[in-house]
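Can you look at this prediction? I've put the sequence above it.
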Amino acid sequence: MDYARRVHRELVGYTPKRKSYSHHIDKKLGVIALKHLSKDDPDTVELDLEKQAYDALSQAISDYISLNGQDEPFVKAFLSWAWKNTDGPALMEKFKTVPDKMKPK
């Protein structure tokens, strides 16, 4: 979350509030559509359940790592799975092109 807010600051020029950015991410992940249905929303919500599960787990694992590190076997297993299934080497090549000021500290 904090990294995404820093990226937003570099791209747009300001850092969004944590709560509003959290809402934005929940909306992107489909959490809002799942929890709330207002009269102006469509009657159906189209979801990619596998992607939703991956995104939710990624967010939870990221929070867990921030609090407890990544030494637990389940964390290592998820990170290994994610590396293999999201083309980790290609992601790292993209990451190398990110300016240093936008990289996590």
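That came through fine.

Can you tell me the SS state at the spatially most distant residue from the centre of the chain?
What lies farthest from the middle of the chain is K39; by CA atoms, centre = their mean that is 28.4 Å. Three-state assignment for K39 (DSSP: H, G, I helix; E, B strand; the rest coil): coil.

Show me the shaky parts of the chain.
Across the chain, the ranges flagged by pLDDT under 70 are 33-34, 105.

longest single helix anywhere in it?
helix 49-68 (DSSP state H).

Show me how far that helix is from its chain's centre.
The chain centroid and the centroid of helix 49-68 are separated by 7 Å, computed with CA atoms, centre = their mean, to the nearest Å.

Okay, buried residues for that helix please.
Y54, D55, Q59, I61 (16 or more other CB atoms under 10 Å). C-beta: built from backbone N, CA, C; applies to glycine.

Contacts only, for the residue lying closest to the first one once chain neighbours are set aside.
Read it as Y54. Spatial nearest neighbour of Y54, chain neighbours left out: A82 (7.6 Å); criterion: CB to CB, 6 or more residues apart in numbering. Contact analysis of A82 by CB atoms under 8 Å, 6 or more residues apart in numbering lists Y54, S58, G88.

do K101 as well
Counted by CB under 8 Å, 6+ apart, K101 has contacts E10.

re the thing from before, helix or strand: which one has the residue nearest to Y54?
helix 73-85 (DSSP states H and E).

The very next helix or strand once past that helix vs helix 73-85, what angle?
Counting by DSSP H and E, the element after helix 73-85 in chain order, helix or strand, is helix 88-96. Orientation of helix 88-96 against helix 73-85 (axes from the mean of the first three to the mean of the last three CA atoms, to 10 degrees) gives an angle of 90 degrees.

Contacts for helix 88-96 next, please.
A82, K103.
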